[in-house]
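K.L.:
Fold the following for me, if possible:
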Amino acid sequence: MKLRRRQFLRQVSAASSVALLGGASNLVLASAKESGLVRIRPREYSGAFANPLKGFRPDLPSDGGKRDGLDNPLATVVRHYIRWNQIENSAGEGVEKILEFCHPRWAGVEKRNQKIIPRVYLYWPENYYWPSDLRAGDYGSRKFLKRLEKFIAKLGEAWNRDPRVAYIETGIVGPCGEQWGPTPHAELKKVIGDSHKAAFPDKLCMIRYPWQWTDYNFGVFWDSWGTRKDTARMLEALESPELKNSWKTQVRGGEISYGFGEPPGASPNDTMAQPHHIDWIECLTRRGHWNHLGWVSYYDWKHSPAAAHGQRLQKAFGYRFVVEEVEYPATVTPGEPFEIALNIRNVGSSPFYYRWPVELTLLDETTHGPVWRKTFSSADIRQWLPGDRWMQFAEWNSERGRFQLNNGPARYEIPAGEIQVRERFTFPRNLRRGRYLLALSILDPSGGTPSCRFAIENYFRGGRHPIGRIGVGRTLENATMEPNCFQDLASDHTIGYHVS
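P.N.:
A predicted model of the protein is given here:
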């Protein structure tokens with residue numbers, strides 16, 4: 001049997017200069033003996049898994065949130081409703097009060113690799129939460145506008161550099177901070193827009209109604225997501241010439257508004273139990289490039305069919321990076337430069353919105369510990385875009401009382417492009433000669449530890465993706481790794497980040 005395999009490989013090599021080596025998890029194309037290069041194509045991980053800054057978005061306990069869904073292993077973004085007077089009740093109170101409020105409520109999120117989306121509000125039907133030294137409901141006075149500007153500056157001082165904060169829902173005005181009732185007048189809108197832009201240079205901000213904020217590069221929080229009442233108008237705005245490409249740089253999130261506007265489902269569990277609702281949610285997610293979704297996140301994720309449907313939607317929300325091929329030299333001489341090339345594809349629905357570093361790591365073959373690490377200077381994961389113009393859509397079926405998919409193909413008219421990353425590295429001259437593992441990872445800048453993960457089977461617990469073997473000052477005979485040495489991606493709950 002072994003002889004036949006050798007003969008087959010020699011025949012393939014002679015015919016096409018390509019040898020197929022390796023097991024179920026990857027292929028090596030062009031063996032080291034033939035060209036000196038190793039080309040590995042990892043297999044895509046078939047399931048869903050938790051990845052930062054995307055997916056199902058539960059809430060921290062508050063007026064508008066409860067604990068449901070916080071224990072869902074897929075959840076990495078969490079909204080926090082905050083009353084203005086909880087963090088500032090008079091003009092003389094400083095940033096310390098904001099920090100004193102947030103720290104105990106956000107304690108431990110970094111260990112769960114979760115990040116917060118805060119929204120401050122002044123009114124929750126039928127209660128006002130204005131500071132004691134302002135008149136409730138007075139959105140138009142000069143006193144309020146000046147105070148608002150200073151307050152948002154305090155929020156920026158507290159949250160802009162906080163690694164626990166994912167995105168900012170600008171909120172403030174109207175019921176639950178939904179920016180209607182009243183609709184912000186021109187001067188109020190300018191204060192909210194200019195102040196958030198100045199206070200949060202390092203965070204993405206979101207507004208409720210994109211057609212009202214075309215002067216600002218803000219994302220969207222759509223609090224009636226996918227309803228019959230609002231979908232046509234929202235898509236008309238987001239697909240207008242002014243906003244059709246805004247998804248590439250501005251994050252989009254929302255929540256399914258149960259009890260309003262004929263949403264997809266009567267409750268989170270009803271939504272997640274019905275395949276036709278899941279069809280509609282995935283369709284709209286891909287067409288509109290949605291990053292995260294709430295309220296439906298309260299579903300009971302432990303039971304079927306919700307568990308399977310949750311996997312399907314998690315794969316559609318946000319980004320999903322697949323490493324299609326890695327090419328590198330089989331043997332490298334310490335002190336001399338070598339080149340590595342990556343081909344990556346985003347098969348999700350949105351970008352990753354922050355520039356997190358991509359790291360190349362040399363791992364000890366036995367302990368799997370890093371012995372050398374270096375980030376790619378040329379890799380900007382914000383530019384790893386998915387496809388665009390989802391071709392399938394749905395029409396409202398009045399008889400059935402729901403959206404029903406049409407016969408359009410379930411794919412993007414503009415497919416996701418292949419992202420090519422090519423860079424030179426040099427191992428230290430004093431690096432011990434031997435055989436190592438070459439690995440990839442994406443780091444959370446807060447602590448510089450692996451966090452965002454590729455959707456491939458090549459995986460080690462802790463967040464790194466071993467690609468193949470490499471010889472350092474030593475000839476390499478076989479670059480492939482045995483599939484049984486990989487660990488399951490979704491089962492790893494050790495991923496986190498650091499908060500100083």
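K.L.:
can we go C-alpha only for contacts and neighbour counts from here?
P.N.:
OK.
K.L.:
and stretch 349-360, how far from the chain's centre?
P.N.:
Distance, stretch centre to chain centre, for stretch 349-360: 9 Å (CA atoms, centre = their mean, to the nearest Å).
K.L.:
Alpha carbons of stretch 169-187, as CSV, please.
P.N.:
Output of stretch 169-187 as CSV, limited to C-alpha atoms (Å, rounded to 0.1, in the frame of the first residue of the first chain):
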residue,chain,number,x,y,z
GLU,A,169,-24.3,54.1,20.2
THR,A,170,-24.7,57.9,20.4
GLY,A,171,-28.2,57.7,21.8
ILE,A,172,-29.0,60.6,24.3
VAL,A,173,-32.2,61.9,22.6
GLY,A,174,-35.7,60.4,22.8
PRO,A,175,-37.2,57.3,24.3
CYS,A,176,-34.4,54.8,25.1
GLY,A,177,-32.0,57.1,23.3
GLU,A,178,-33.5,56.1,19.9
GLN,A,179,-33.1,59.7,18.6
TRP,A,180,-36.8,60.3,17.8
GLY,A,181,-39.6,61.9,19.9
PRO,A,182,-38.1,64.5,19.4
THR,A,183,-36.1,64.2,16.3
PRO,A,184,-32.8,66.0,16.9
HIS,A,185,-33.0,69.6,15.6
ALA,A,186,-30.1,70.9,13.5
GLU,A,187,-28.1,72.4,16.3
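K.L.:
could you measure residue 142 against residue 187, distance?
P.N.:
Per CA to CA, to the nearest Å, residue 142 is found 10 Å from residue 187.
K.L.:
distance of the residue lying closest to residue 208 once chain neighbours are set aside from residue 391?
P.N.:
Nearest residue to residue 208, sequence neighbours excluded (CA to CA, 6 or more residues apart in numbering): residue 221, at 5.1 Å. Per CA to CA, residue 221 is found 24 Å from residue 391.
K.L.:
For these two, indicate the residue with more neighbours.
P.N.:
residue 221 (26 against 17; other CA atoms under 10 Å).
K.L.:
Could you pull up phi and psi at that one?
P.N.:
phi -110, psi 110 (degrees, to the nearest 10).
K.L.:
Bridged to it, which residues?
P.N.:
residue 253 (DSSP bridges).
K.L.:
got the contact list for it?
P.N.:
Contact partners of residue 221, counting by CA atoms under 8 Å, 6 or more residues apart in numbering, are 169, 206-209, 252-255.
K.L.:
most neighbours, which of these?
P.N.:
residue 253 (28 neighbours).
K.L.:
correct me, but it touches residue 288?
P.N.:
No - proximity of residue 253 to residue 288 does not meet the contact threshold set by CA atoms under 8 Å, at 10.1 Å.
K.L.:
Quick check: pLDDT value at residue 22.
P.N.:
At residue 22, the model reports a pLDDT of 37.
K.L.:
try residue 17
P.N.:
So residue 17 comes in at 28 (pLDDT).
K.L.:
before we move on, what about residue 231?
P.N.:
On pLDDT, residue 231 comes in at 97.
K.L.:
right, and it touches residue 225 too?
P.N.:
Yes - under the criterion of CA under 8 Å, residue 231 makes contact with residue 225 at 7.2 Å.
K.L.:
Among the two, which residue is more densely surrounded?
P.N.:
A direct count of neighbours by other CA under 10 Å for residue 231 and residue 225 places residue 225 higher, at 25 against 16.
K.L.:
Could you pull up phi and psi at the nearest residue to that one once chain neighbours are set aside?
P.N.:
Nearest residue to residue 225, sequence neighbours excluded (CA to CA, 6+ apart): residue 256, at 4.8 Å. Backbone torsions for residue 256, taken as degrees, to the nearest 10, come to phi -80, psi 120.
K.L.:
list the contacts for residue 256?
P.N.:
223-227, 263-264, 293-296.
K.L.:
the helices in the stretch 1-150 of the chain, which residues?
P.N.:
2-16, 32-35, 84-87, 95-106, 142-159 (DSSP state H, counting those that start in this stretch).
K.L.:
Please read the previous query as pertaining to the stretch 151-300 of the chain.
P.N.:
186-199, 231-238, 268-273, 275-288.
K.L.:
With only the CA atoms kept, save the second one in PDB.
P.N.:
By that I understand helix 231-238. What follows is helix 231-238, C-alpha atoms only, in PDB (Å, rounded to 0.1, in the frame of the first residue of the first chain):
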ATOM      1  CA  THR A 231     -37.000  47.500   6.200                       C
ATOM      2  CA  ALA A 232     -37.700  49.200   2.800                       C
ATOM      3  CA  ARG A 233     -36.900  52.700   4.100                       C
ATOM      4  CA  MET A 234     -33.700  51.600   5.800                       C
ATOM      5  CA  LEU A 235     -32.400  49.800   2.700                       C
ATOM      6  CA  GLU A 236     -33.400  52.700   0.500                       C
ATOM      7  CA  ALA A 237     -31.200  55.000   2.700                       C
ATOM      8  CA  LEU A 238     -28.300  52.600   3.100                       C
END
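K.L.:
still on that earlier bit, out of the helices of the stretch 151-300 of the chain, which comes closest to residue 162?
P.N.:
Among the helices of the stretch 151-300 of the chain, helix 186-199 comes nearest to residue 162, with 12.6 Å by CA to CA.
K.L.:
Do I have it right that residue 405 meets residue 279?
P.N.:
Yes - counting by CA under 8 Å, residue 405 touches residue 279, with 7.4 Å between them.
K.L.:
In a strand, residue 432, correct?
P.N.:
No - checked against DSSP: H, G, I helix; E, B strand; the rest coil, residue 432 lies outside a strand; its state is coil.
K.L.:
For the spatially closest residue to it that is not a sequence neighbour, name its beta-bridge partners.
P.N.:
Distance criterion CA to CA, 6+ apart; nearest residue to residue 432, sequence neighbours excluded, is residue 472 at 7.7 Å. In this entry, residue 472 is beta-bridged to residue 332, residue 434, by DSSP bridges.
K.L.:
what separates residue 472 from residue 237, distance-wise?
P.N.:
Residue 472 is 55 Å from residue 237, by CA to CA.
K.L.:
again, but for residue 207
P.N.:
With CA to CA as the criterion, residue 207 and residue 237 are 13 Å apart.
K.L.:
same thing with residue 367?
P.N.:
In terms of CA to CA, residue 367 sits 53 Å off from residue 237.
K.L.:
Between the two, point out the one with more neighbours.
P.N.:
residue 237 (17 against 7).
K.L.:
what's near enough to touch the closest residue to residue 409 other than its chain neighbours?
P.N.:
Distances taken as CA to CA, 6+ apart place residue 392 nearest to residue 409, at 5.3 Å, with adjacent residues excluded. Going by CA under 8 Å, 6+ apart, residue 392 touches 283, 405-411.
K.L.:
What about residue 438, how many residues nearby?
P.N.:
For residue 438, using other CA under 10 Å, the count is 24.
K.L.:
swap that for residue 81, please
P.N.:
21.
K.L.:
residue contacts, it?
P.N.:
Per CA under 8 Å, 6+ apart, neighbours of residue 81: 59-60, 62-65, 118-121.
K.L.:
and the gap between residue 45 and residue 316?
P.N.:
14 Å.
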